[in-house]
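Trainee: sequence isn't available, so here's the structure alone:
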């Protein structure tokens, strides 16, 4: 709380992304009205139970194969691993943080095999969850968090990469249609380490995933990717934050989405902060949305803050539009029907992200799911 220049006490506006209030206590945040900058584009009343309600924080059923180089275990909320990647910056994440009993810890060491962890039986009651992924020095690997079935879930995910670790984390939201899901995903990337983080949101009534990456060590790199398809009445939201703290760090953010059907809504907000000590930073963020029908809305807001003049490069881009008529004409001129041409254009637009996962079986499944979305939307 600081005094305004015109007198009187009140909340001073946040001047930079890094100054945003953070706490693990739900009650430390004011009540959400839907007018706040971080909530004004969200359907607050549809997820009110996750923001303010009582959440079941007990451990839940998970499915995963034994994979060399990985360990999976439940740890107590008092573990020193909790809170090493980030702290909630909004009331729903703090509610989840206050409510979980044990956290799921996934550890990667050496050249770890691909680990796919599946959650399918979370049920319809409001629930909290907390997951921590740690990668030892020099570790490599791919972790897939595969979410399906019914859910009303508010959760936090922490990802911590020690020096020279190189891992990929994929979060797949393929929930049942009525599902509600709020997630804050924090990553801390050490010296010379590389994180590829991919968000895939297809199923669910309201799905809001907020990834943040703190490039804390010199030479750290992060590639944050996302793909989503919103159909009638569905709200899919992503708020991405990249904080360049150390020198000579690099980031790339690319999110792509499609919207079809009355009331289909997507929100993408991208914040990149280049701190005063992040000399030599190289960063670029972009969001592209393909509108397939009337009655949809895509909000796309890129933001860039630079606190040092000594950088390699920084930029951002955003675009929302309908089909490229020239592409359709080109395909139809070669004997391809209009429906097939549209299918090829949409899949070509979205598959760029899916094909960067690096796990062929999952890539094929997600491409089939995207194609099913297109068929259902005709």
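Mentor: It's in. Note that the coordinates shown come from a computational prediction; the quantities given were computed from them, not determined experimentally.

Trainee: which residues in this structure form helices?
Mentor: 48-52, 91-99, 325-332, 338-354, 360-376 (DSSP state H).

Trainee: how about the ones you listed in CSV, adding distance to residue 20, mean pLDDT and mean neighbour count?
Mentor: Quick note: C-beta positions are derived from backbone N, CA and C, even for glycine. Output for the helices of the chain, formatted as CSV (distance: least, Cβ to Cβ, whole Å; pLDDT from 0 to 100; neighbours: other Cβ atoms under 10 Å):
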stretch, distance to residue 20, mean pLDDT, mean neighbour count
helix 48-52, 17, 98, 18
helix 91-99, 12, 98, 25
helix 325-332, 41, 67, 13
helix 338-354, 28, 83, 17
helix 360-376, 32, 91, 15
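
Trainee: could you dump those helices to CSV with distance to residue 36?
Mentor: Below are those laid out as CSV (distance: least, Cβ to Cβ, whole Å):
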stretch, distance to residue 36
helix 48-52, 11
helix 91-99, 9
helix 325-332, 40
helix 338-354, 29
helix 360-376, 31
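
Trainee: out of the ones you listed, which comes closest to residue 221?
Mentor: Checking the helices of the chain against residue 221 by Cβ to Cβ gives helix 338-354 as the closest, at 17.8 Å.

Trainee: what about the closest one, distance to the chain center?
Mentor: The chain centroid and the centroid of helix 338-354 are separated by 23 Å under Cα atoms, centre = their mean, to the nearest Å.

Trainee: just stretch 310-330 next, same as before
Mentor: 21 Å.

Trainee: nearest to residue 146, out of the helices of the chain?
Mentor: Closest among the helices of the chain, using Cβ to Cβ: helix 360-376, at 7.9 Å.

Trainee: looking at the helices of the chain, which is nearest to residue 116?
Mentor: Closest among these, using Cβ to Cβ: helix 360-376, at 7.3 Å.

Trainee: show me what the closest one is packed against.
Mentor: Other elements packing on helix 360-376 under the criterion 3 or more Cβ pairs under 8 Å, 6 or more residues apart in numbering; DSSP states H and E are strand 166-175, strand 194-203, strand 221-230, helix 338-354.

Trainee: okay, the ones you listed in a markdown table with distance to residue 56 next?
Mentor: Conversion of these to a markdown table gives the following (distance: least, Cβ to Cβ, whole Å):
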| stretch | distance to residue 56 |
| --- | --- |
| strand 166-175 | 17 |
| strand 194-203 | 21 |
| strand 221-230 | 27 |
| helix 338-354 | 33 |
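
Trainee: do you know which of these lies nearest residue 299?
Mentor: strand 221-230 (11.7 Å).

Trainee: could I get the average pLDDT for the closest one?
Mentor: Average pLDDT, strand 221-230: 98.

Trainee: that strand versus strand 166-175: what angle between them?
Mentor: Here strand 221-230 runs at an angle of 10 degrees relative to strand 166-175 (axes from the mean of the first three to the mean of the last three Cα atoms, to 10 degrees).

Trainee: related to what we said a few turns ago, to residue 369, which of the helices and strands packed on helix 360-376 lies closest?
Mentor: strand 194-203 (5.6 Å).

Trainee: sheet-wise, list the partners of that closest one with their directions.
Mentor: Here strand 194-203 has these sheet partners by DSSP bridges: strand 166-175 (parallel), strand 221-230 (parallel).

Trainee: and of these, who's closest to residue 125?
Mentor: Among these, strand 166-175 comes nearest to residue 125, with 14.6 Å by Cβ to Cβ.

Trainee: got the angle for that closest one vs helix 338-354?
Mentor: For strand 166-175 against helix 338-354, the angle by the same axes, to 10 degrees is 140 degrees.

Trainee: next, the angle from strand 166-175 to helix 360-376.
Mentor: 30 degrees.

Trainee: distance from strand 166-175 to the middle of the chain?
Mentor: Worked out by Cα atoms, centre = their mean, strand 166-175 lies 9 Å from the chain centre.

Trainee: and that strand, what's buried?
Mentor: Of the residues in strand 166-175, 166-175 count as buried by neighbour count, 16 or more other Cβ atoms under 10 Å.

Trainee: rewinding a little: quick one: which of the helices of the chain is nearest residue 278?
Mentor: helix 91-99 (25.2 Å).

Trainee: distance check, residue 304 against residue 220.
Mentor: In this view, residue 304 and residue 220 are 18 Å apart by Cβ to Cβ, to the nearest Å.

Trainee: among these two, which residue is more densely surrounded?
Mentor: Taking other Cβ atoms under 10 Å, residue 304 and residue 220 do not tie; residue 220 has more neighbours (28 against 16).

Trainee: contact partners for that one?
Mentor: The neighbours of residue 220, taking Cβ atoms under 8 Å, 6 or more residues apart in numbering as the test, are 161, 189-194, 246, 249-250.

Trainee: what's the answer for residue 88, then?
Mentor: Counting by Cβ under 8 Å, 6+ apart, the residues that residue 88 touches are 22-24, 94, 96-97, 156, 184.
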